[in-house]
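S.K.: generate a structure from the sequence data that follows.
(2 chains)
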Amino acid sequence: MNDILQGLARAAKLVVTLNADLVEITLLSLQVSLGAAVIGSAIGLPLGAWLAINRFPARRMVIALLNALMGLPPVVVGLFVYVLFSRSGPLGVLGLLFTPTAMVIAQVIIITPIIASVAHQAIRELWADYHDLLISLETTHSQRIATLLWDGRRALMTASLAGFGRGIGEVGAIMIVGGNIDHATRVLTTAIALETGKGEFDMALALGFVLIGLAIAVNLTLHMLSRTERGSRW
Amino acid sequence: MTFKTLLAAALSAVFAVAAQAQDMKMSVTTSFANSGLADVLLPEIKKDTGINVQLLIVGTGQALKLGAQGDVDAVLVHAKAAELAWLAEGNGTHRREIMYNDFIFVGPSDDPAGVAKADRATDALSAIAEAKAPFVSRGDNSGTHKMELRLWDAAGIAPQGDWYRAVGQGMGAALNTASGMNAYLMSDRASWLKFANKGDLKLVYEGDPILFNQYAYMPVNPTKHPHAKNDLANTLEAWLVSDRAKELIDGYTLNGEKLFTFNATVD
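M.R.: Sure, this is the predicted structure:
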């Protein structure tokens, strides 16, 4: 209990004094996980919509696979990306290992199935309502997808935020591909793991509180920008 | 090849993370970083040589693996047998001893197995095994883990049973586990002194010469990995064996205790 109070006090102190190291790792956390959420959404949202409106033989199989991939263990994804980008691996020449770019790639792999699965579910229900209308208007496939994505945008924001949430709290993959290098690839979650290893529980908890605060701030900002949950709007 | 070049250009344009010329990567053991010595040495290295050393803090097993894969430019570890095997595979150019510290045994303050009375480190392990007192092992193929296994072997004991808990994690996590279970464990002195969650644990045994812990520096072989920054690795080595390094390493204390002893030979 004492550790928790000390952690809260330390978190408050770090935030109020705008501790330079804290600002640096917080910004990198944001850069990596927001980047991954944007790229993951660009892939996952259209994929989810496409799966909702198309009928093909292996559809059930693909959807089941996508749902299963939501449970991908980050450590395995991290190891996979590490082996791919290691100097001895197939993409080693790019020199991307232990950079924020590699961390974004790993997180895109982790969160895209989540974004696509949630998007698919939301769009499927919308498609049931829009089916007759869009068919009778003789819309093309891409027009249908665009319409559904736009009209379902609020539910889809939840899909993207779920992906962001998984990314910002993830430590297993980015620890391996980022390496937790001070002033280069250290983010909030890997710093928390490091402080825990040192037995500095109050500092680890302080960073944890900052992480939770950051996640809340990002979600609130997006909701405000997209004007959801306001007054009589649904 | 064109695809790869394009991809690289596109990705680095997006994130602008092009590495600077003077950055080099070194994989080091957790004890080097957790002891706080890295925080003292790195700024001085940067000031004197202009090299920004980026540390990958991992166990010795993983540190050597990163070097063998060419993902770092040099390694600083402590497991002589594994280091020599690593060199024999052509992964590095040579091995340079830099400094040493020692391993200690930590355990519950009431010392139920009576480890403090042991004459030798192997006797201490025998006492723990006989009492079946909880013992936390790193179990992660690190330098500390290899040393622990060598000691069990020397004591003629194959540790197994409920009391022997291999956590498969770094020094810090192992110390946290031991603190939570009030168990015995072997740690390097530096990590123990710096550790902030001691709980009921205290130092119960130290001083056997067998517990000597040598740190060695090895640059990654540029013939095997042409991109490895061998010139920077050599500059760093020259600094690590310099009088300036000797002064800083020997002068680093924590709670009044000296943590590392410089013992590089200058040729």
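S.K.: quick check: which ranges of the chain have low pLDDT?
M.R.: With no chain named, the answer covers chain A. Scanning chain A with the threshold set as pLDDT under 70 gives A:1, A:228-234.
S.K.: chain B, not that one
M.R.: Filtered on pLDDT under 70, chain B yields the residue ranges B:1-21, B:267.
S.K.: in it, which spans are helices?
M.R.: Taking DSSP state H as the criterion, chain B carries its helices at B:2-15, B:30-34, B:37-49, B:60-68, B:80-88, B:121-131, B:143-154, B:171-181, B:189-194, B:230-240, B:243-251.
S.K.: what do you get for chain A?
M.R.: Going by DSSP H, chain A shows helices at A:2-16, A:20-53, A:59-69, A:74-85, A:100-136, A:141-151, A:153-168, A:172-178, A:188-197, A:201-225.
S.K.: let me know which of these is tucked in deepest.
M.R.: Ranked by mean neighbour count, the helices of chain A are led by helix A:172-178 with a mean of 26 (mean count of other C-beta atoms under 10 Å in any protein chain shown). Heads up, the C-betas are built off the backbone N, CA and C, glycines and all.
S.K.: do it and chain B meet at all?
M.R.: No - against chain B, helix A:172-178 shows no contacts by C-beta under 8 Å from any C-beta of the partner chain, the least distance being 9.4 Å.
S.K.: find the closest residue to chain B in chain A.
M.R.: residue A:197 (2.7 Å; C-beta to the nearest C-beta).
S.K.: now stretch B:46-63: buried residues?
M.R.: Neighbour-count burial for stretch B:46-63, counted by 16 or more other C-beta atoms under 10 Å in any protein chain shown, picks out B:49, B:51-63.
S.K.: before we move on, back to that, how about the residue of chain A closest to chain B, nearest residue that isn't a chain neighbour?
M.R.: residue B:172 (2.7 Å; C-beta to C-beta, 6 or more residues apart in numbering or on different chains).
S.K.: test my guess that that neighbour contacts residue B:31.
M.R.: No - with contact defined as C-beta atoms under 8 Å, residue B:172 does not reach residue B:31; the gap is 9.9 Å.
S.K.: okay, and the common contacts of the two?
M.R.: residue B:191 (C-beta atoms under 8 Å, 6 or more residues apart in numbering or on different chains).
S.K.: distance check, residue B:120 against chain A.
M.R.: Distance from residue B:120 to chain A, counting by C-beta to the nearest C-beta, to the nearest Å: 29 Å.
S.K.: phi, psi for that residue please.
M.R.: Dihedral pair for residue B:120: phi -130, psi 160, per degrees, to the nearest 10.
S.K.: and for it, nearest residue in space, chain neighbours not counted?
M.R.: residue B:208 (5.3 Å).
S.K.: coming back round to it: pretty sure the residue of chain A closest to chain B sits against residue B:30.
M.R.: Yes - using C-beta under 8 Å, residue A:197 is in contact with residue B:30, at 7.2 Å.
S.K.: need the overlap of contacts for these two.
M.R.: Taking C-beta under 8 Å, 6+ apart as the contact rule, residue A:197 and residue B:30 both touch B:170, B:171, B:172.
S.K.: closest to the centroid, which residue in chain A?
M.R.: Nearest to the mean C-alpha position of chain A, by C-alpha atoms, centre = their mean, lies residue A:164 at 2.7 Å.
S.K.: roughly how far does the closest residue to that one other than its chain neighbours sit from residue A:48?
M.R.: Counting by C-beta to C-beta, 6+ apart, residue A:37 is the residue found nearest to residue A:164 once chain neighbours are left out, at 3.9 Å. Per C-beta to C-beta, to the nearest Å, residue A:37 is found 15 Å from residue A:48.
S.K.: can you check residue B:225 too?
M.R.: Counting by C-beta to C-beta - residue B:225 and residue A:48 are separated by 42 Å.
S.K.: please consider this matter closed, and thank you.
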